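In: Give me a model of this one.
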Amino acid sequence: MILMAEFSSSANGIWGSSVARGAAYKSHRPTNGVKTAGGVFDGEGYATGTQIFKLTPAEARIAIQDVLADKSRAPSRHHVSYINPQVHTNGSNYVFVDGHAARFSLDETLDPGSYMWGRKVYSCVDKPVVQDNPERQASGSRAAGGDSARSARQASNGYRPSAPGQARPVRPIFVRPKSG
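Out: I've put the predicted structure just below:
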C-alpha cells in the first residue's frame with residue numbers, strides 16, 4: 001500500500017482548504033486514490049457508512065490537470081491532485097508501508113487488479129473497504145497494455161499486494177520533509 005508519493009511541483013497542486021485553517025497553500029496534504037459515490041473523498045467531512053471507490057486513471061488525470069490549470073478547482077477535485085505523477089519520465093516514485101520505494105506510472109498505481117492505494121481507508125472511524133469503481137465495471141474498460149504485463153513490472157519493482165485481510169492500518173499520505 002502506498003504511504004507516500006512525490007509532491008506536486010506546482011503551487012496550484014497544494015492549494016486547498018481545511019476546517020481549522022481555511023484556504024491556503026499547505027505542504028502537508030494527504031493524498032489518496034479514492035472517491036465517494038458523490039465525488040471527492042474528504043476525510044474531514046467523512047460520514048460513517050459512506051461507500052468508498054477506487055479512482056480510475058482518467059478521473060485522476062482530470063483532477064490533476066484541472067488543479068494545475070486553476071487552483072480554485074482544488075477543493076472540488078480528487079486529492080490525488082496533490083501529487084506529481086510525472087516527476088520522472090513516465091512515472092513517479094512511491095514509498096510503500098513496508099519501507100520499499102519504486103517508480104510506477106499513475107495508471108499502474110490505480111490498476112484495479114493490483115490497486116496500490118490500500119484496501120481500506122484506515123483514517124475513517126469505520127475503516128470502509130475500498131470498492132471497485134462502478135464506472136469501470138459498467139464500461140468493462142481496462143488500461144492499455146494489459147494487466148499481465150503491468151503485474152510483471154510491478155513484481156519486478158518489489159510490489160506485492162497483501163492477501164485479503166492482511167492490509168496494514170496506515171492511511172496513504174504524503175509527508176514533505178521540512179527544509180532548512
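
In: how far is the helix or strand A58 falls within from where the chain is centred?
Out: Element membership of A58 [criterion: DSSP states H and E] is helix 57-69. Relative to its chain's centre, helix 57-69 lies at 12 Å (Cα atoms, centre = their mean, to the nearest Å).

In: Convert the C-alpha atoms of the helix or strand following it to PDB, please.
Out: Using DSSP H and E, the helix or strand that follows helix 57-69 in sequence is strand 92-96. Extracted as PDB, the C-alpha positions of strand 92-96 are listed here (Å, rounded to 0.1, in the frame of the first residue of the first chain):
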ATOM      1  CA  SER A  92       6.900   8.900 -10.100                       C
ATOM      2  CA  ASN A  93       8.400   7.300  -7.100                       C
ATOM      3  CA  TYR A  94       6.200   5.900  -4.400                       C
ATOM      4  CA  VAL A  95       7.100   4.700  -0.900                       C
ATOM      5  CA  PHE A  96       5.100   1.700   0.400                       C
END
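
In: low pLDDT regions in the chain?
Out: Applying pLDDT under 70 to the chain flags the ranges 17-21, 26-29, 136-180.

In: Do a quick rundown of the helices in the chain.
Out: 57-69, 106-110, 134-139, 147-156 (DSSP state H).

In: Counting by contacts, list what the second one packs against.
Out: When you say that, I think you mean helix 106-110. Secondary-structure packing of helix 106-110 (3 or more Cβ pairs under 8 Å, 6 or more residues apart in numbering; DSSP states H and E): helix 57-69, helix 147-156. The way it works is simple: take the backbone N, C-alpha and C, and place the C-beta from them, glycine included.

In: buried ones in the first one?
Out: Spelled out, it's helix 57-69. By neighbour count on 16 or more other Cβ atoms under 10 Å, the buried set for helix 57-69 is P57, E59, A60, R61, A63, I64, D66, V67, L68.

In: Kindly indicate which of these lies nearest N133.
Out: Within the buried residues of helix 57-69, proximity to N133 (Cβ to Cβ) peaks at E59, which comes in at 7.9 Å.

In: Could you measure from the residue lying closest to the closest one once chain neighbours are set aside over to K54?
Out: Spatially, and ignoring its direct neighbours in sequence, E59 is nearest to H78 (6.3 Å; Cβ to Cβ, 6 or more residues apart in numbering). According to Cβ to Cβ, to the nearest Å, H78 and K54 sit 11 Å apart.
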